[in-house]
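K.L.:
okay, sequence plus prediction incoming.
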Amino acid sequence: MLHRGQESTDGTGGGELVVPMAWLYAEYIADELLRTGDLMPPTSFEFRAGRDALALTIFLSDTDGELSGIRVVTQLETWLSLTAYDQPWQDWVGTRMSRLTAEAAESGADAPDLALAEAAWRWLEETELLAPDLDAVPGPGGGPVTGEDDGPKVWTPAWQLGLPLGHLAIHLF
């Protein structure tokens, strides 16, 4: 999968600085969606988790290498379906990352977009954030519901917090 960002800034590709435009654009779109939703402070780890999960979704769903500002609105439904609760997002990301890594190795070209996507994926998988334990919330008639800060907390992989945050941000957009 070649992205326009995998050539030099002047388009010649002559061993010059390679700018990861596809990843940076995906990250920008994700950042704007989250900021518009105003769900978390932009300085929080939860915001970063949401931004990285959304950026990965945007970057990896762009199979033609044509991320375009004009197409963003038309892609919202695709991103919603990919980030939905009942979807195997983690498996999808792993499969797409493996495919892109194999394509990059086969072509022998620099893949700065892929390197940034891999770093984001590694952070999302390896980082755990303290979050409310949603499984511990009592059901109807099961007692008083405590506030978010008062209830039990569990360590949760960052992608499991970021994905629903990103999904909600798309809905709010």
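P.N.:
Structure received.
K.L.:
could I get the full set of helices for this structure?
P.N.:
Counting by DSSP state H, residue ranges of the helices within the chain are 21-37, 45-61, 72-83, 89-107, 112-126, 158-172.
K.L.:
these into CSV, with extra columns for mean pLDDT, distance to Pro152 and mean neighbour count?
P.N.:
C-beta: built from backbone N, CA, C; applies to glycine. Formatted as CSV, the helices of the chain follow (pLDDT from 0 to 100; distance: least, C-beta to C-beta, whole Å; neighbours: other C-beta atoms under 10 Å):
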stretch, mean pLDDT, distance to Pro152, mean neighbour count
helix 21-37, 92, 26, 20
helix 45-61, 95, 18, 24
helix 72-83, 85, 26, 15
helix 89-107, 92, 24, 14
helix 112-126, 94, 23, 18
helix 158-172, 92, 16, 21
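K.L.:
so can I have CSV of those helices showing distance to Asp133?
P.N.:
Shown next, in CSV, are the helices of the chain (distance: least, C-beta to C-beta, whole Å):
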stretch, distance to Asp133
helix 21-37, 24
helix 45-61, 16
helix 72-83, 22
helix 89-107, 20
helix 112-126, 20
helix 158-172, 12
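K.L.:
what about the residue nearest the centre of the chain, distance to Ala111?
P.N.:
Central residue of the chain (C-alpha atoms, centre = their mean): Ala53, 2.0 Å from the mean position. Plainly put, Ala53 is 21 Å away from Ala111 if you go by C-beta to C-beta, to the nearest Å.
K.L.:
Pro132 now?
P.N.:
38 Å.
K.L.:
okay, the two: which has more neighbours?
P.N.:
Higher neighbour count among Pro132 and Ala111: Ala111, with 25 against 17, using other C-beta atoms under 10 Å.
K.L.:
name the nearest residue to the more buried one, sequence neighbours excluded.
P.N.:
Ala104 (4.0 Å; C-beta to C-beta, 6 or more residues apart in numbering).
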